[in-house]
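Trainee: sequence unavailable; structure follows:
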C-alpha cells in the first residue's frame, strides 16, 4: 500500500480552498438601502439564503434608543418609513434568535428632505432661447414647458432618479461586505503553519536543554 | 455554529472562556514534539472546513470536523480549535473575539468527549472502526448543538425555541460529518496509520 506523506496531506488541505468557492459560512448579514420614502432592509445567510422571521430593530446610533422593530418576511425583507429623528445615523440590527446577529449602519443624511435653499433648477424660457439665437421649436412644446413649474420639474426628476438609484443603492449595499477571499484563507493557513513552526522551535529548545 | 458577538451574557462568556483556558492549557501540556505537525494540519482543516457548505435542511450549515479533531488529537483539539476559531473571526468575521471562549468550548468539548467515547473503538479493525468514526462525527455535532443550545438558553428564556431549532438545523450536518469522518478515518488507517497514532493512545 502506497503511503501518503504528511507533505502530500498538507497539499490536499491547501487545495480545499481552491476547490470550494469562498462564501459566507453560517453567518447572518443585513444591508439597507433607500427606496423612495422607505428604507428597505434585506437579511440573508450565506449564499443568499434569506433569513426569515428574524427580528429587525432600528436604533439611534448615538443614544441607543430603539425607534422601531419588526420581523422579516419570507424573502428576508423588511421595510419601514424613514423615521423622524435627530440622529444622523441609524443602526439596523438583525437577530435570527439562534445566536446570529449583525448590524448595518445607515446614514440618514441621504434621506433627509432635500434642501429647500438650494437654487432651483433653471428652466430655459423662450426668451433665453431667443437670446441664444436658437430656433424656437414647435409652439406646443414651449407651451407645455411653460406650464410645468420649476418645483414640479425638480420633483419629477428627483422621483425618476430615486427609482434609478434604488437599484444602484441596493447593489452598493450588497457588495459593501465581501466574503472571505483566497488571500484571507491562505493567510490564515500561513498563520497556522507559522504557529506550528514556533511550537516546534520551542520544543527543540526544550529538547536541547535536556 | 459560530455564535455572534453581542448575543450572550457576561456569565456565559466567562464560563466559556474559563473552560477554553483550562482545556487549552491541558492540550498544550499534552502536545509533544512529533504531534505538532498533525495538530497544525488538523487546525488548517478545521479552518477551511467552515467554507464548505452543506446545502441541506432549513438553515445554512458548514462542515465543522469536530469528530475528526477529537479522534486524532484528543486534548490537543482545544488549542487547535482555539487557533482556528481565532483566525476565522479575524479573517472571515465569523463569531467574534469576545465569544471566542464560548465558541471554542461548544466545538472542542464535544470533540474531547468523542475522543474518550469513540477512540478505543477506532483502534479496532473493520466495521467497528467505521462505526466508531461515524459516531464520532455524528455525536460531535450533536453535542455541539446541545452545548450551543444551553449557551443560548441560559442567556434568555426566549431562546428555548431557537435552541431546539439549532439542533434541528444541524441534523443533516451530523449525518454528513459522520460519513466524512468514517471515510477519512478508514482512509488514514490504511495509508497513514501513524497519523492516527494507532495503539499509542
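Mentor: That came through, no problem. Worth saying up front: this structure is predicted, and the values here are computed from it rather than measured.

Trainee: any chance you could map the strands in chain B?
Mentor: With strands called from DSSP state E, chain B shows them at B:53-54, B:61-62.

Trainee: hey, which of those is tucked in deepest?
Mentor: strand B:61-62 (a mean of 24; mean count of other C-beta atoms under 10 Å in any protein chain shown). Using the backbone N, CA and C atoms, a C-beta is placed for each residue, glycine as well.

Trainee: what separates that one from the chain centre, distance-wise?
Mentor: Strand B:61-62 sits 13 Å away from the centroid of its parent chain (C-alpha atoms, centre = their mean, to the nearest Å).

Trainee: does that strand come close to chain A?
Mentor: Yes: residues of strand B:61-62 contacting chain A under C-beta under 8 Å from any C-beta of the partner chain: B:61, B:62.

Trainee: mean pLDDT lowest for which of the strands of chain B?
Mentor: Lowest mean pLDDT of these: strand B:53-54, a mean of 72.

Trainee: among the strands of chain B, which is nearest residue A:70?
Mentor: Counting by C-beta to C-beta, residue A:70 lies closest to strand B:61-62 out of these; the figure is 26.5 Å.

Trainee: a strand runs through residue A:34, doesn't it?
Mentor: Yes: counting by DSSP: H, G, I helix; E, B strand; the rest coil, residue A:34 is found in a strand.

Trainee: gap between it and residue B:136?
Mentor: Distance from residue A:34 to residue B:136, counting by C-beta to C-beta, to the nearest Å: 51 Å.

Trainee: can you check residue A:35 too?
Mentor: According to C-beta to C-beta, residue A:35 and residue B:136 sit 50 Å apart.

Trainee: next one: the residue of chain B found nearest chain A relative to residue A:180, how far apart?
Mentor: Chain B approaches chain A most closely through residue B:40 (3.5 Å), counting by C-beta to the nearest C-beta. According to C-beta to C-beta, residue B:40 and residue A:180 sit 20 Å apart.

Trainee: got the contact list for the residue of chain B closest to chain A?
Mentor: Listed by C-beta atoms under 8 Å, 6 or more residues apart in numbering or on different chains, the contact partners of residue B:40 are A:192, A:193, A:195, A:196, A:199, B:80.

Trainee: and residue A:78, bridged to which residues?
Mentor: Under DSSP bridges, the beta-bridge partners of residue A:78 are residue A:41.

Trainee: low-confidence bits of chain B, can you list those?
Mentor: Low-confidence segments of chain B (pLDDT under 70): B:55-60, B:155-160, B:162-163, B:199-201.

Trainee: mind running it again at 90?
Mentor: By pLDDT under 90, the low-scoring segments of chain B are B:1-12, B:29-38, B:48-65, B:88-96, B:119-130, B:145-173, B:175-176, B:186-201.

Trainee: now the helix of greatest length in it: buried residues?
Mentor: Counting residues, the longest helix found in chain B (DSSP state H) is helix B:160-191. By 16 or more other C-beta atoms under 10 Å in any protein chain shown, the buried positions in helix B:160-191 come out as B:162-163, B:165-167, B:169-178, B:180-182, B:184-185, B:188-189.

Trainee: buried set for the host helix or strand of residue A:157?
Mentor: Using DSSP states H and E, the element containing residue A:157 is helix A:150-175. Using 16+ other C-beta under 10 Å as the test for burial, helix A:150-175 gives A:165, A:166, A:169, A:170, A:173.

Trainee: in contact with residue A:33, which residues?
Mentor: Neighbours of residue A:33 in contact, by C-beta under 8 Å, 6+ apart: A:39, A:40, A:166, A:169, A:170, A:172, A:173.

Trainee: which SS state does the first one fall under?
Mentor: Right, residue A:39. Secondary structure, three-state DSSP: residue A:39 is strand.

Trainee: number of nearby residues for it?
Mentor: 21 (other C-beta atoms under 10 Å in any protein chain shown).

Trainee: so it makes contact with residue A:32?
Mentor: Yes: using C-beta atoms under 8 Å, residue A:39 makes contact with residue A:32 at a distance of 5.5 Å.

Trainee: which residues do these two both contact?
Mentor: In terms of C-beta under 8 Å, 6+ apart, residue A:39 and residue A:32 are both contacted by the residues A:92, A:106.

Trainee: what residues are up against residue B:97?
Mentor: Neighbouring residues of residue B:97 by C-beta under 8 Å, 6+ apart: B:5, B:86, B:89, B:90.

Trainee: the nearest residue to the first one once chain neighbours are set aside: what's it in contact with?
Mentor: Once flanking residues are discounted, residue B:5 sits nearest to residue B:96: 3.3 Å by C-beta to C-beta, 6 or more residues apart in numbering or on different chains. Contact partners of residue B:96, counting by C-beta under 8 Å, 6+ apart, are B:4, B:5, B:6, B:89.

Trainee: just the strands in chain A please.
Mentor: Going by DSSP E, chain A shows strands at A:29-35, A:38-44, A:55-60, A:66-71, A:77-81, A:89-95, A:101-107.

Trainee: which residue ranges form the helices in chain B?
Mentor: Listed in chain order, the helices of chain B (DSSP H) span B:10-30, B:36-49, B:66-73, B:77-91, B:100-122, B:127-155, B:160-191, B:193-196.

Trainee: run through who's touching the first one.
Mentor: Put plainly, it is helix B:10-30. By C-beta under 8 Å, 6+ apart, the surrounding residues in contact with helix B:10-30 are B:8, B:73-80, B:82, B:98-106, B:108-109, B:112, B:151, B:154-155.
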